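>>> Would you be able to build a 3D model of this:
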Amino acid sequence: MEKKSCYVCGKEALSKNEIGLTKKLLDKNSKRFYCLDCLAEYLEVDTEFLLAKVEEFKEQGCKQF
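Coordinates of the predicted model:
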């Protein structure tokens, strides 16, 4: 699997959670991905909120994570 990097800051080797959040919250067909910090800034939320959403989506059985 090709390693993804952050579209904004260039952070390399994004985690499965970071890729999953980008797909779940922005566009499931996205070709551009955000690291946790850049996604939080883009969505104007804090990173703790996004981490809570990851756990929520996992509990719901979402296969993006």
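>>> contacts, neighbours, all on C-alpha from now
Will do.
>>> now this protein, which segments are flagged as low pLDDT?
Judged by pLDDT under 70, the chain has its weakly predicted residues at 1.
>>> hey, where'd the helices end up in it?
16-25, 36-43, 47-59 (DSSP state H).
>>> how about those, which one is nearest Phe65?
helix 16-25 (5.4 Å; Cα to Cα).
>>> what's that closest one packed up against?
On a contact count with 3 or more Cα pairs under 8 Å, 6 or more residues apart in numbering; DSSP states H and E, helix 16-25 meets helix 47-59.
>>> make it 10 Å
Applying 3 or more Cα pairs under 10 Å, 6 or more residues apart in numbering; DSSP states H and E, one finds that helix 16-25 makes contact with helix 36-43, helix 47-59.
>>> coming back round to it: so which of the helices of the chain gets nearest Ser5?
helix 16-25 (9.3 Å).
>>> ok, and what's touching that closest one?
Where contact means Cα atoms under 10 Å, 6 or more residues apart in numbering, the residues beyond helix 16-25 that reach it are 4-6, 13-15, 26-37, 39, 43, 50-51, 53-55, 57-58, 62-65.
>>> swap the cut-off to 8 Å and go again
Outside helix 16-25, the residues that touch it by Cα atoms under 8 Å, 6 or more residues apart in numbering are 4, 28-30, 33-36, 39, 50, 54, 64-65.
>>> For those, which entry has the maximal number of neighbours?
Tyr34 (26 neighbours; other Cα atoms under 10 Å).
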